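In: One predicted model, sequence on top.
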Amino acid sequence: MNMGKIKDVYLRDKSIIHVGVGDFKISKEGYRLKTFLGCCLGVCLYARNKKVGALLHIVLPSAPGYREVNPAKYADTALREVIRQFKKKHKVKANHLTAMIFGGAKMIEDHIENVGKKNALRAKEVLRKNKVRILKEKVGGKRGYKIEFDVSTGMVTCQVFGQKEQKYFMSDKGARKSWK
Amino acid sequence: MEIKKIMELVIKQSIDRASQSLSKIIRTGTMIEVEHIEVINVSQWTEQIMDKGEIEMLGSMLSLEGDFSSKFLFLIKVKDAFILNDLMIRNSPGTTTSLDYFTKSTIQEIGNVLCGSIANTFSKDFNISMWPSVPLLLDDYLGSIFSNFITEGAAADNIIWLIETKFLVVKVHIECELYLILNTENFARLQKLLNKEGK
């Protein structure tokens, strides 16, 4: 029997929910949503009163209309779907949500096209259209991002590779200054 | 023969050749094993990767262009890359202690050699043209490297063919990983090619 594997299972923090590439997760308090971003975009959405949060890992800006796609992969369809689920399952209107945007790094310098930037632009467009307040935007650079969103407190921890960890709070007041 | 079995054979053969090329370069025996050849759901699979996403890794990413385009990623932990660099430039293991230009070049070059061996086997066995691009070096969180790799290789696909291999540099016990993404469209094209050959 592999003891390393058993140890690994017990040490794993069950309150952490990992979000894969081209996916989103919505959670109630008691959980932390976590992902790693390269050129993809991470969007945190939070309903403060109900303590429900979502983390999206967006790959591309707009879904092609000509074929069936995974809606979670595209900024426009993913955000619309998450906002719809907030409304339907948690009775939260879009204008009661707050958002933070991270990621969109240009890890490969040779690329002419900046997908990360396009993703951010499209995401902001959709959020503004739905009257979701954007409290923080940390987009670009050349290094990956680690994002951890604590749904209980509304605190988002963002760490760009090789830099210090920064904490942001999902409320108008707290968003103006980062937590120490 | 079932397409998956044919793929397994070709991949194993190409991995053997890659292993031989690497052994020659670093003058140390390497053993590469194919872990999985399977169709995966990108979101589900990367969710598992994110669990250990915080490790700092070095990756050499290449595109295989031509009749059968795909993405290739060679991954190694930074401290293991130092040892691989020492073997490559004939220093005793433990000499390299920082991530310098030589180490980065070593990882890029090894990615190039391994990808070239795979491309050679595929193009010979399937009689198709394939050539690797210039290797790109990624030094980042494991999770971020994978996020980029998936975006590059399968931005629009949710289901892909993934070939995962692990290899061991025998004398110094370094573990590295090697991934190849084939999109389903290309896989179907390959299947057609094989059917033609069979006739």
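Out: That came through fine. These numbers come from a predicted model, not from an experiment. Residues are numbered from 1 along each chain as shown, chains lettered A, B, ... in the order given.

In: nearest spatial neighbour of residue 150, skipping sequence neighbours?
Out: In the absence of a named chain, this looks at chain A. A:R32 (4.9 Å; Cβ to Cβ, 6 or more residues apart in numbering or on different chains). In short, each C-beta sits where N, CA and C put it, glycine included.

In: should've been chain B
Out: A:V21 (4.7 Å).

In: list the contacts for residue 50?
Out: This is for chain A. Residues in contact with A:K50, defined by Cβ atoms under 8 Å, 6 or more residues apart in numbering or on different chains, are A:H90, A:K91, A:V92.

In: was after chain B, sorry
Out: Counting by Cβ under 8 Å, 6+ apart, B:M50 has contacts A:H18, A:V19, A:G20, A:K34, A:T35, A:F36, B:G143.

In: and A:R84, what helix or strand is that in?
Out: For A:R84, the element it lies in under DSSP states H and E is helix A:75-90.

In: cool, and B:H36?
Out: Going by DSSP H and E, B:H36 is in strand B:30-41.

In: same thing with A:G42?
Out: strand A:41-47.

In: now the helix or strand immediately after that strand in the chain: mean pLDDT?
Out: Using DSSP H and E, the helix or strand that follows strand A:41-47 in sequence is strand A:52-58. On average, the pLDDT along strand A:52-58 is 96.

In: What strands line up against strand A:52-58, and which way round?
Out: strand A:23-28 (antiparallel), strand A:41-47 (antiparallel) (DSSP bridges).

In: circling back to that earlier point, what angle separates the strand holding A:G42 from helix A:75-90?
Out: 20 degrees (axes from the mean of the first three to the mean of the last three Cα atoms, to 10 degrees).

In: who touches stretch B:146-153?
Out: Residues contacting stretch B:146-153 (Cβ under 8 Å, 6+ apart): A:21-22, A:36-40, A:57, A:59, A:107-108, A:115, A:144, B:42, B:46, B:49, B:53, B:59, B:61, B:63, B:70-71, B:73, B:138, B:140, B:160, B:179, B:181, B:183.

In: Filter those down to the ones in helices?
Out: Among the contacts of stretch B:146-153, the ones falling in helices (DSSP state H) are A:V115, B:V42, B:T46, B:I49.

In: What about the residue nearest to B:E54 when sequence neighbours are not counted, how many residues nearby?
Out: Leaving aside its sequence neighbours, B:E54 sits nearest to B:Y141 (Cβ to Cβ, 6+ apart; 6.0 Å). B:Y141 has 26 neighbours, counted by other Cβ atoms under 10 Å in any protein chain shown.

In: and if you look at A:K89?
Out: 10.

In: contacting residues for it?
Out: A:K89 touches A:I26, counting by Cβ under 8 Å, 6+ apart.

In: what does chain B have sitting close to chain A?
Out: B:42-51, B:53-54, B:56, B:61, B:136, B:138, B:140-148, B:150-152, B:155-156, B:158 (Cβ under 8 Å from any Cβ of the partner chain).

In: that older thread, who are the contact partners of the residue nearest to B:I150?
Out: A:C40, A:H57, A:V59, B:V42, B:S43, B:T46, B:F146, B:S147, B:I150, B:T151.
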